[in-house]
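>>> just coords:
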């Protein structure tokens, strides 16, 4: 079977055209603030759109059929092409003049990881900061469609199971056509972004900070316009609670938001993954808040309360904020959790592997996969005792096909193997043990902050260049559910069949 290369290049051109259009939006913001980067961003936009139009024109008249092989290539190379073109505003403006750093910042944006190489964010031109946040927002939109519409078709990492609640080839669809489904989910995504922007502005943020943080929140990205991230507003608890609420929404299945807006609220609370997702957050927050209150030395006591109540509120807010930030892989920071206690450092490191819900913009392994792995593990005890019995795994009161369970177990094994290899590579490039395992887990899970020299109040600029490229690869592999990227590295993928 020959690859339909013309449609691949045609779609790459379409992506470049869209990317250039978003750059123009950043150029407009740059012009409004007169930050000196308008011409550079405009030039980057024109260059990107020119290449996109040329690619589309050259491949006109292509066959419109996309088979499975083309699907893998389009998904992976789509993110790579977006990341390469997305470097141009940084390079042309001189904000990030080095190609390695520019690529790292861009791929971190599109994969909604949020790890940064910028030492001083607040001196950057507003247009560049807006573009940086836009890369998050674009990546978040793409991930929704990828997880809900494309991956089930490709059979990636057990995402076929998701087709029972999501659109695509299933009986229970939001809408028969994937394009119409994408429009509905993007509308929810856009609506949440506008709503958070308005609420943050009312709560005391500037409009510029509000819209940037809204885009970073809904994409579960974590890029901030402040060096201190959300810790900049530690004296304004309302702002942090608004961000907490929208991080929770962004880390939940966007299809459930659709059902809620349609008045089918019971579907939300009946969803097994959502119940565990919310339950994990509640239980983990209580544990962390108690440890912070009794063991950690926190200095930013909430003003306006007696000492005991102020410390209790601050402990609860920091615990809730950081738990949701890490579980949803948003990566915003209200405090350096590695300084609270050694127990909490290990605790948060474990959360790097949890992830949000399937069908959300969150990265990581995902709650659904953990649930099914645990359920299958528990059922192995019964199967050992009753060797002839057929005991299937059930999810949302439906039997899960054995093939999907094997697929998810395979995904988990591959994920952990890539984490170990990732840490070994980082260790070989000079990172200490804590930084190597933290950087590998954070990059692969698209979390953002890590451990050691890459802790929540530091950045990734200290990494050697090779380590930055390697972390970029881990971000991409983790964001695209491993199989999508890794299958392209196998020799039999490229063999003609």
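Done, it's in. These figures come from a predicted structure and were not determined experimentally. Numbering: from 1, shown residues only.
>>> for residue 12, what are phi and psi?
phi -60, psi -40 (degrees, to the nearest 10).
>>> and it, what does it touch?
Under the criterion of Cβ atoms under 8 Å, 6 or more residues apart in numbering, the neighbours of residue 12 are 52, 55, 74, 77, 78, 81. For glycine as for every other residue, the C-beta is placed from the backbone atoms N, C-alpha and C.
>>> can you check residue 245 too?
When contacts are counted by Cβ under 8 Å, 6+ apart, residue 245 touches no other residue.
>>> and for residue 76?
Under the criterion of Cβ under 8 Å, 6+ apart, the contact list for residue 76 reads 476, 480, 484, 485, 488.
>>> element containing it?
Here residue 76 is covered by helix 68-86, with elements defined by DSSP states H and E.
>>> mind giving me the PyMOL command for buried ones among the contacts of residue 76?
Filtering the contacts of residue 76 down to the buried ones (16 or more other Cβ atoms under 10 Å) takes a single PyMOL command:
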select buried, resi 476+480+484+485
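>>> dump the contacts of residue 76 into JSON lines; add secondary structure, pLDDT and distance to residue 424 as well.
Written out in JSON lines, the entries for the contacts of residue 76 read as follows (DSSP: H, G, I helix; E, B strand; the rest coil; pLDDT from 0 to 100; distance: Cβ to Cβ, whole Å):
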{"residue": "476", "secondary structure": "helix", "pLDDT": "95", "distance to residue 424": "19"}
{"residue": "480", "secondary structure": "coil", "pLDDT": "88", "distance to residue 424": "22"}
{"residue": "484", "secondary structure": "helix", "pLDDT": "86", "distance to residue 424": "23"}
{"residue": "485", "secondary structure": "helix", "pLDDT": "90", "distance to residue 424": "19"}
{"residue": "488", "secondary structure": "helix", "pLDDT": "89", "distance to residue 424": "22"}
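>>> out of the contacts of residue 76, who's nearest residue 85?
Residue 85 lies nearest to residue 476 out of the contacts of residue 76, by Cβ to Cβ, at 15.0 Å.
>>> residue contacts, the closest one?
Contacts for residue 476 were tallied using Cβ under 8 Å, 6+ apart; they are 76, 79, 80, 83, 107, 111, 485.
>>> run a quick neighbour tally on the second one.
Read it as residue 79. The local packing of residue 79 (other Cβ atoms under 10 Å) involves 24 other residues.
>>> is it true that it touches residue 477?
No. With contact defined as Cβ atoms under 8 Å, residue 79 does not reach residue 477; the gap is 10.3 Å.
>>> per-residue pLDDT, residue 207?
On the pLDDT scale, residue 207 is placed at 96.
>>> how near is it to residue 128?
In this structure, residue 207 and residue 128 are separated by 17 Å, where distance is defined by Cβ to Cβ, to the nearest Å.
>>> list the helices and strands the helix or strand that contains residue 187 packs on?
Applying DSSP H and E as the criterion places residue 187 in helix 178-203. Of the remaining helices and strands, those touching helix 178-203 by 3 or more Cβ pairs under 8 Å, 6 or more residues apart in numbering; DSSP states H and E are helix 126-145, helix 207-218, helix 237-250, helix 254-261.
>>> could the ones you listed go into TSV alongside distance to residue 94?
Converted to TSV, those look like this (distance: least, Cβ to Cβ, whole Å):
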stretch	distance to residue 94
helix 126-145	10
helix 207-218	21
helix 237-250	31
helix 254-261	37
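>>> residue 193 is nearest to which of the ones you listed?
Residue 193 sits nearest to helix 207-218 of all the helices and strands packed on helix 178-203, at 4.9 Å, using Cβ to Cβ.
>>> what comes into contact with that closest one?
In this structure, residues lying in contact with helix 207-218 by Cβ under 8 Å, 6+ apart are 33, 114, 126, 129-130, 133-134, 136-137, 140, 189, 192-194, 196-198, 200-201, 205, 221-226, 230, 243, 246-247, 249-250, 330, 332, 361.
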